[in-house]
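1. My questions concern the predicted model and sequence given below.
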Amino acid sequence: MKILITAGYHLSEDKLDLLRDLGCQPVLWPKEKEPVAEEHWDADILFSYQVFNYTDVRRFHNLKLIQLTSSGIDHIPMEYLREKNIKLCNARGIYSIPIAEWVLLKTMEIYRNSRFYEKAQEGKVWKKHREMEEIYGKTVGIVGTGSIGTETAKRFHSFGAKVVGINRDGRKIEAFHECHSIHHLAKVVGEWDILVLALPLTKDTEGLINEAILAQMKKEALLINVSRGPVIVEEALMDHLNRERLKGAALDVFQEEPLPEESLWWSHPKVLVTPHVSFLSTSVPERAFQLAYRNIKAFKEGRPLENLQTSLFK
C-alpha cells in the first residue's frame with residue numbers, strides 16, 4: 001500500500017522503516033500547500049492535514065483511508081468520502097494536553113495581570129497591581145467534553161475550581177462535577193466565571209456564542225476560545241468587551257485567519273491574541289506518528305481503527 005505523507009512532519013528514516021515493515025510504501029510530499037504531483041495520485045492512504053485544499057480529492061482514485069493530523073474535520077469533503085466508502089480518522093487526543101495547558105496559561109495571565117507586569121518590566125518600573133484573582137473557588141464552564149475539554153477540566157479541577165461540562169445530551173463525563181445538554185447553555189452560562197470553548201465547528205455550533213448567550217454571562221467572566229473562530233459571533237463579543245460586559249477574552253482562533261493587520265482584536269486591551277498555536281508542542285509529532293502507525297497497522301490487519309469518524313457511514 002502506498003502512503004502519501006503530506007502532514008508537514010519530517011519523519012525520520014527509522015519511522016519510515018517502521019511503515020515499510022508493515023508492507024507499505026511511504027512517500028513524503030513536504031509542501032502540503034502545493035498540488036500533489038500526478039505520480040502520487042495512486043496513494044491508498046493519506047497522512048495529512050489540509051491536502052484537499054490544494055488537490056481535488058477525486059484525483060486520489062485508490063484512496064481507502066485518511067489519517068488526519070487535525071482534530072477538526074470541517075475542511076474535509078465528507079460527502080465524497082461517504083460516497084466512496086473512504087475511512088476517515090482524525091487526530092483526537094494528540095493535541096489535548098498542550099491546548100489544556102494553553103487555556104490554564106491564558107486564564108492565569110489574565111487573572112494575575114501578566115500584561116501589566118510585562119509593560120512594567122519593559123519600562124523598568126517597580127509597581128504593584130494588587131487586583132489579582134485566583135482560579136480556586138471559581139466555576140468553569142467548558143463547552144465540549146471531548147479529549148480537549150476533559151484534559152482542560154482535569155487541570156482546572158486541580159486548581160480547586162468547580163468544572164461544569166456542556167455536551168450534546170448532558171451525559172456525565174468523569175472529569176466534570178456536572179454536565180448539561182447544549183440546549184441548556186443559556187440557562188447555566190450565567191453561573192460561570194470562566195467560559196471555555198472546546199467544541200467542534202459544525203452547522204449546529206456555528207454562531208453558538210451570540211448576543212443572547214453573551215448577555216447571560218457574568219460581567220466579570222472570562223471567555224476562552226480554542227475551538228474555531230466561527231463558533232463566536234465576533235461582533236457581539238467585541239461589543240460586550242467594549243461595554244465592559246466581560247472581564248476579558250483569550251482567543252487562539254478567529255473568523256478570519258490569518259488575522260488581518262487592521263483587525264481590532266490585535267490592540268484590544270481586554271483580549272489576549274495568539275495565532276492558532278494552542279495545539280503546538282514538541283511532543284505532538286511523536287503522538288501523531290504513533291496514532292497514524294497504529295491505525296495503518298490496524299487497517300492492514302482488518303482491526304478497528306482509532307478515532308474513526310463513524311458518522312460518515314450512518
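-> On my side now, so go ahead. Numbering: from 1, shown residues only.
2. ends of stretch 219-229, how far apart?
-> Start and end residues of stretch 219-229 are separated by 22 Å (Cα to Cα, to the nearest Å).
3. For that stretch, which residues meet the burial criterion?
-> 221-229 (16 or more other Cβ atoms under 10 Å). For every residue, glycine as well, the C-beta is placed using N, CA and C.
4. Greatest separation within those residues: which pair is it?
-> Largest separation among the buried residues of stretch 219-229 by Cβ to Cβ: 221 and 228, giving 20.6 Å.
5. send the alpha carbons of the helix or strand containing residue 140 over as CSV?
-> In the assignment (DSSP states H and E), residue 140 maps to strand 139-143. Extracted in CSV, the C-alpha atoms of strand 139-143 (Å, rounded to 0.1, in the frame of the first residue of the first chain):
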residue,chain,number,x,y,z
THR,A,139,-16.8,27.9,38.4
VAL,A,140,-15.6,27.0,35.0
GLY,A,141,-17.9,26.0,32.1
ILE,A,142,-16.4,24.0,29.3
VAL,A,143,-18.5,23.7,26.1
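6. Just name whatever secondary elements that strand is in contact with.
-> On a contact count with 3 or more Cβ pairs under 8 Å, 6 or more residues apart in numbering; DSSP states H and E, strand 139-143 meets helix 147-158, strand 162-167, strand 194-197.
7. what separates stretch 44-62 from the chain centre, distance-wise?
-> With Cα atoms, centre = their mean, to the nearest Å as the basis, stretch 44-62 stands 22 Å off its chain's centre.
8. I meant stretch 260-279, not that one.
-> The answer for stretch 260-279 is 16 Å, by Cα atoms, centre = their mean.
9. repeat for stretch 227-240
-> Distance, centroid of stretch 227-240 to centroid of chain: 16 Å (Cα atoms, centre = their mean).
10. What residues sit buried inside it?
-> 227-234, 236-238, 240.
11. Same question for stretch 196-206.
-> Those would be 196-201, 205, for stretch 196-206 by 16+ other Cβ under 10 Å.
12. Checking residue 184 next. Helix, strand or coil?
-> Reducing the assignment at residue 184 to three states with DSSP: H, G, I helix; E, B strand; the rest coil gives helix.
13. in terms of contact, does it touch residue 170 like I think?
-> Yes: the pair residue 184 / residue 170 is scored as a contact, 7.2 Å apart, by Cβ atoms under 8 Å.
14. So which of these two has more stuff around it?
-> Higher neighbour count among residue 184 and residue 170: residue 170, with 15 against 12, using other Cβ atoms under 10 Å.
15. what's that one in contact with, if anything?
-> 179-181, 184 (Cβ atoms under 8 Å, 6 or more residues apart in numbering).
16. run the last query once more with 10 Å
-> For residue 170, the contact set (Cβ atoms under 10 Å, 6 or more residues apart in numbering) comprises 145, 178-184.
17. cool, and residue 150?
-> 93, 96, 100, 142, 144, 163, 165, 173-176, 198.
18. got it, and residue 140?
-> 103, 107, 152-153, 155-157, 159, 161-165, 176-177, 192-196, 222, 224.
19. Show me just the buried residues among these.
-> The neighbour-count criterion (16+ other Cβ under 10 Å) marks 103, 107, 152-153, 155-156, 159, 161-165, 176, 192-196, 222, 224 among the contacts of residue 140 as buried.
20. Secondary structure element holding residue 127?
-> For residue 127, there is no host helix or strand (DSSP H and E).
21. burial of it, as a residue count?
-> Neighbours of residue 127 (other Cβ under 10 Å): 9.
22. next one: residue 284
-> 17.
23. what about the closest residue to it other than its chain neighbours, neighbour count?
-> Leaving out its chain neighbours, the residue that sits closest to residue 284 by Cβ to Cβ, 6 or more residues apart in numbering is residue 94, at 5.9 Å. Residue 94 sits with 25 neighbouring residues when counted by other Cβ under 10 Å.
24. mind checking how far residue 94 is from residue 145?
-> Per Cβ to Cβ, to the nearest Å, residue 94 is found 18 Å from residue 145.
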